[in-house]
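Colleague: model this:
(chains A, B and C)
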Amino acid sequence: MLDPYVESVLIFTGINIVLALSLYLPVSAGLLSLGQGGFMAIGAYTAAYLTTELQWPFVVALLGGGLMAGFVGLVVGLPSLRIKGIYLVIMTLGFGEIVRVFFLNFEPTGAASGLGGIPTYTTLPVVTVAVLLTLFLCFQIRGSRIGRAIEAVREDELAAEVIGINLTYVKVAVFGLGAAIAGVGGGLYAHYATFIDPAQFGFQRSAEIFIMVVLGGMGNFAGATLGAIVVTILPELLRLGDAQEWRMTMFGALLVAIMIVRPWGLLGTRR
Amino acid sequence: MTTNGTPLLETRGLTRRFDGYSAVADMNLKIERGSIHALIGPNGAGKTTMFNLITGVLPPSAGRIFVDGVEFSGSRPDRIARLGVVRTFQGVRLFSTMTALENVEVGRFCRTRGGFLAALARVPFVATRTEVATRKRAEELLERVGLSKQRDMLAGELALADQRRLEVARALAVEPKLLLLDEPVAGMNPVEVHEAGELFKALCREGTTILITEHHMSLVMAISSHITVMNYGRKIAEGSPEQIKRDPEVMTAYLGTEAAA
Amino acid sequence: MVLIQQIINGVMLGASYSLIAIGYTLVFGVLQLVHMAHGEVFMIGAFVGLQVVLLAGGGVTAAILAAGLSAALVGVVVYLIAIKPIRARKGHFLAPMISTIGAGLVLQELATRFFGGEQVGFPVQMDSSIWHLGGVTLTSVQLVILAVSLGLMLALHLFVTLTRVGMAMRATAESMTISHTLGIRSERIIILTFAIASALAGAAGVLVGMSFNSISPYMGVDMGIKGLAAMLLGGLGNVYGAMLGGLVIGIVEVISVAYLASSYRDAFAFFIIIAVLLFRPQGIFGSTAHVEG
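Modeller: Numbers count the residues shown, from 1 in each chain, chains lettered A, B, ... in the order given. The predicted structure follows:
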C-alpha cells in the first residue's frame, strides 16, 4: 500500500487545496480575507462536536460544519460591502482572532484544552473526493453567468452595478461560500488530526492559506491549487534534508522573493 | 400602467449638495419616450452629477425621480439598471481583463437567470440554452456597433473609439428603455463622431430613448430633438435645437465656446 | 478610587501599544503601507534588551538604548530588502504588505532559532519601591515605563514639529511628489522613518518585558495586532491618533479584565478594529490614507 508518510502528505495537500480554494472564491470577487482560519475553526469544531458528542455520521457532520461556517461567513460578508481593500484585510484578520479567542473560552468544546478523541474519518479517498468536488465547483462557477458577474465585480464594481449586477448578492454569496468551504476543510482537518485546539486556527493558519493563494497566483483557481501544493510539499522536501528547521523562514523568504519577482504569483492574473 | 403622456423619465426638484455647495439644484427634467434628449452645459454644470443621481450612483439630497411614472428616488444602481435605465461613463469603464464579447455577455446578467446552483448543475463544456442565447445576442450587439472583428480582443487593448462602442454594446445588452450616454464621442475624430451619431439615431428609431451629454455641439444639434441646458447645477434653458441656438442665456454660459465644433 | 487605579494601569499598558502604533502609523503615513513585520521588530528589540540585561548586566537604560538601536537597524534592513525592491515594480497594491508578512515570518523564526521558542523571563534590575499617590498605587517599574513611554512620545512630537528633518518627514507623509519638488530626499526620509518607528517599537519591547516580566518570540503577533488596532482607531497615518488610540485600547483592556471576563481581553482589540472599520474607518481623528483602502 501507500507509504504512511506519503499518504499523510497527500492528505494534508488535499486539505490545503480545499482551504486555498475557499479563499480563492472571495479573492476572485476582489475580496481579500486574512480570516479563513476562523472559518476553518468553526467548521472543525462544529464537525468534531457533531461526531464526538452527538455521534452524527461523518459526511453529515462535515456538511454541518460547512453550513455553520458558511452562515457566519454570510454575516461577516455583509460589512464587506462597505469595507474595501486593506481595511477588509484587517477586518478579516480581526474576525479570525475573535473566533480564536471565542473558542479559547468556549467550554463545550474544551476551551483552551482543545477537543480530542476525534475519530480518524478523513482518509485519502475522502480527501480526494473533497478536492475533486471543490475543483469542480470552481470550474463550474468560472464558466457560468455568475462567474462572469464575479469577475466583473472584481474588475470594476461601479460598472458592474450600472449594468444590473447586485453587488450585495455577489459579494456576500461568494464570501459565504468561501467560508463554508473553509469550514469543510476544517472538518476534514479535525478528523485527521484527531485533536484540535484554538491555537491551530489563528493568524498563522490564515496567513498560510493566504500565502497559498498569493504564491500560486490570484487570477484563477489553478493558481490557488498550485500554491497549496507548493506550500504543503516544499517543507516536506526540505524535511528530507537537514533543513527542516528552517521551513517557516524559507516560507517567509519565499514570500518576499515572489513579491519582488512575480507579485501576481506563480500563475499570474490571467485566467 | 403608463399613458402616452407620461414621460419616460422625470425628475422633480432634484438636488444634490456636497459640503455646502449644490452640484445640482432643483432640476426638473422630463424625458419623453422615443426622443434623443441632450443635456448640455459648461464643465462643472452638474451634468455628470445628474447622470449619477438618475442611475442611483449618488443618492439625492432632495427631490424625486420617476421612471415611467413610478418613483425610484435613491434606488440602488443595479435596480435602476434592471428597470431599463442604463448608462455609459465619460471615462470608459470596461472590464479590461475580459474580451469584448465577454463584456457584452456580462451585460446580459440582469436579463438572464441562474446562480450558483445553476452553475453547479450545468453539464461541463456544454453550453446551456441561456448561454447560447446570451452569446448570440452579444455577437449581434457587437455587429450592431461594428466591433465583430474585435470580439476576442481584450477590452483593455481596444482603441478608444472602439472602447466607447463596446460600452454602448454592453449597455444595449441590458435592454435599456433609456440609454444615458456620458460624453460618448469625446476624443473621437470627425468620421467616428458622425458614425456614432448615426448609430444613436438608429437606436432611437428602433425604440431606445437616449439622454446624451456632450460638448460636441454640432453632434448635439444634429441628433437631438430636445435640449436642456444647465449651468451651476440649474436649468437655464430648454427647448428644441433651434431655440437653444438662439437663446442669449446659453450664449452667455458658453461665452467663448464655439457653437459649432 | 479603584477606577482611577484601573485607568492608570490602562495607560501604562496602553502607552506600549501607543509606541508600537506610532511606528505603524509613521510607516503608513510615508508609504501608505501596513507594515506587517513591525510587531516582530518590537519583539526583536525586546530580546536584544534581554540579552543586554542578562549578558552584560546592563540596567534599564542600557537595555532600552540597545533595543532601540538594534530594532532601528532591523527595521531599516527589512525596508531595504523586503519593501523597497517591491515598490520599484508595478505589482498590485498589496504586494508590499504581503512581503512584510513574509519578512515577519522570517524574523519570528530567526528569533525562535536563536532564543528558543519558549517564553523567557525578563528580570528587572531596579529597586522596586511602591508609591502611593492619592488612592493610587504605583511601583517604580510602572513609573519608569510610564515616564519612558511618555518621554519618547514627547520627543517624537518635538522632533516632527521643531526640527527640519522632522518637518521633512511630515511633508513626505503628506505628499511625496510635492516634497520631492521641494528638494526633500524622500529615500532618506523613508529610511529615517523606518528607523524611528522601529526604535520606538524596540524600546516598547523592553518596557513590555519589564511590565510582564517575560517575553516570547510570538509576542510580536499579539502586540502587533493591538498596535494595528490602535493605529486604526486613531486614524491611519495620524501619529497623535496612534498615541491616543493605544491609550484607549490599554484602558479598555484593563477595565474589561477588571469588570468582565478576563479571558476575552484580547478580543477587545479586535472588536474595536471591526467597530472602527464599520462605523468610522477613518479613525477617531481622521486618517491620511490617500488610496481607496
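
Colleague: And what about the residue in chain A that chain B sits nearest to, helix, strand or coil?
Modeller: Nearest to chain B, among the residues of chain A, is A:Gly164, at 2.9 Å (Cβ to the nearest Cβ). (C-beta placed from N, C-alpha, C; glycine too.) At A:Gly164, secondary structure determined by DSSP: H, G, I helix; E, B strand; the rest coil is coil.

Colleague: who's in contact with it?
Modeller: Going by Cβ atoms under 8 Å, 6 or more residues apart in numbering or on different chains, A:Gly164 touches B:Asp78, B:Ala81, B:Arg82, B:Val86, B:Phe109, B:Cys110, B:Arg111, B:Val174.

Colleague: can you check B:Val174 too?
Modeller: For B:Val174, the contact set (Cβ under 8 Å, 6+ apart) comprises A:Ile163, A:Gly164, B:Ala81, B:Gly84, B:Val86, B:Gly107, B:Arg108, B:Cys110, B:Arg111.

Colleague: The residues you listed in helices, which ones?
Modeller: Among the contacts of B:Val174, the ones falling in helices (DSSP state H) are B:Ala81, B:Gly107.

Colleague: Which two among the contacts of B:Val174 are spaced furthest apart?
Modeller: B:Gly84 and B:Arg108 (13.9 Å; Cβ to Cβ).

Colleague: The two: which is more packed in?
Modeller: Set side by side, B:Gly84 and B:Arg108 show unequal neighbour counts under other Cβ atoms under 10 Å in any protein chain shown, the larger going to B:Arg108 at 24 against 19.

Colleague: hang on, that one packs against B:Glu139?
Modeller: No. Look at B:Arg108 against B:Glu139 with Cβ atoms under 8 Å: they stay out of range, at 11.6 Å.

Colleague: one step back: so which of the contacts of A:Gly164 is the closest to chain A?
Modeller: B:Cys110 (2.9 Å).

Colleague: Verify the contact between the closest one and B:Ala81 for me.
Modeller: Yes. Proximity of B:Cys110 to B:Ala81 meets the contact threshold set by Cβ under 8 Å, at 6.2 Å.

Colleague: who touches both of those two?
Modeller: Contacts common to B:Cys110 and B:Ala81, judged by Cβ under 8 Å, 6+ apart, are A:Ile163, A:Gly164, B:Val174.

Colleague: Grab the nearest non-local neighbour of the last one.
Modeller: Excluding the flanking residues, the one nearest B:Val174 by Cβ to Cβ, 6 or more residues apart in numbering or on different chains is B:Val86, at 4.6 Å.

Colleague: For chain C, which helix extends over the most residues?
Modeller: Identified as the longest helix of chain C according to DSSP H is helix C:2-31.

Colleague: What are the buried residues along that one?
Modeller: Burial within helix C:2-31, assessed by neighbour count using 16 or more other Cβ atoms under 10 Å in any protein chain shown, is assigned to C:5-31.

Colleague: and C:Gly220, how far is that from C:Ser263?
Modeller: Counting by Cβ to Cβ, to the nearest Å, the gap from C:Gly220 to C:Ser263 is 21 Å.

Colleague: One more: C:Ile130?
Modeller: C:Ile130 sits 28 Å away from C:Ser263 when distances are taken as Cβ to Cβ.

Colleague: These two: which has the busier surroundings?
Modeller: Between C:Ile130 and C:Ser263, counting by other Cβ under 10 Å, C:Ser263 is the more crowded of the two (13 against 9).

Colleague: Surely that one is in contact with A:Asn105?
Modeller: Yes. Taking Cβ under 8 Å as the contact criterion, C:Ser263 and A:Asn105 are neighbours in contact, 4.9 Å apart.

Colleague: Thought A:Gly35 was touching A:Ser206, still the case?
Modeller: Yes. With contact defined as Cβ under 8 Å, A:Ser206 counts as touching A:Gly35 (5.7 Å).

Colleague: what residues are shared contacts of those two?
Modeller: A shared contact of A:Ser206 and A:Gly35, defined by Cβ under 8 Å, 6+ apart, is any residue touching both; here these are A:Thr92, A:Leu93, A:Gly96.

Colleague: nearest to chain C, of those residues?
Modeller: A:Leu93 (7.1 Å).

Colleague: That closest one reaches A:Ser206, doesn't it?
Modeller: Yes. Counting by Cβ under 8 Å, a contact exists between A:Leu93 and A:Ser206, whose distance comes to 7.2 Å.

Colleague: which of the two has more neighbours?
Modeller: A:Ser206 (29 against 26).

Colleague: what's the closest non-adjacent residue to the more buried one?
Modeller: Distances taken as Cβ to Cβ, 6+ apart put A:Gly37 closest to A:Ser206, at 3.7 Å, once the chain neighbours are dropped.

Colleague: Double-check that the one you found belongs to a strand.
Modeller: No. Secondary structure of A:Gly37, determined by three-state DSSP: helix, with no strand assignment.

Colleague: residue contacts, it?
Modeller: Listed by Cβ under 8 Å, 6+ apart, the contact set of A:Gly37 reads A:Gly96, A:Val99, A:Arg100, A:Phe201, A:Gly202, A:Phe203, A:Gln204, A:Arg205, A:Ser206, A:Ile209.

Colleague: Quick check: which of the shared contacts of A:Ser206 and A:Gly35 has the minimum pLDDT.
Modeller: Summarising pLDDT for the shared contacts of A:Ser206 and A:Gly35: the lowest-scoring member is A:Leu93, with 86.

Colleague: In terms of secondary structure, what does the helix or strand it falls within contact?
Modeller: A:Leu93 is part of helix A:85-105, with elements assigned from DSSP states H and E. For helix A:85-105, the packing partners by 3 or more Cβ pairs under 8 Å, 6 or more residues apart in numbering or on different chains; DSSP states H and E come out as helix A:36-52, helix A:203-216, helix C:219-234, helix C:265-279.

Colleague: show me the contacts for B:Ser73.
Modeller: Applying Cβ under 8 Å, 6+ apart to B:Ser73 gives the contacts B:Pro60, B:Gly63, B:Arg64, B:Ile65.
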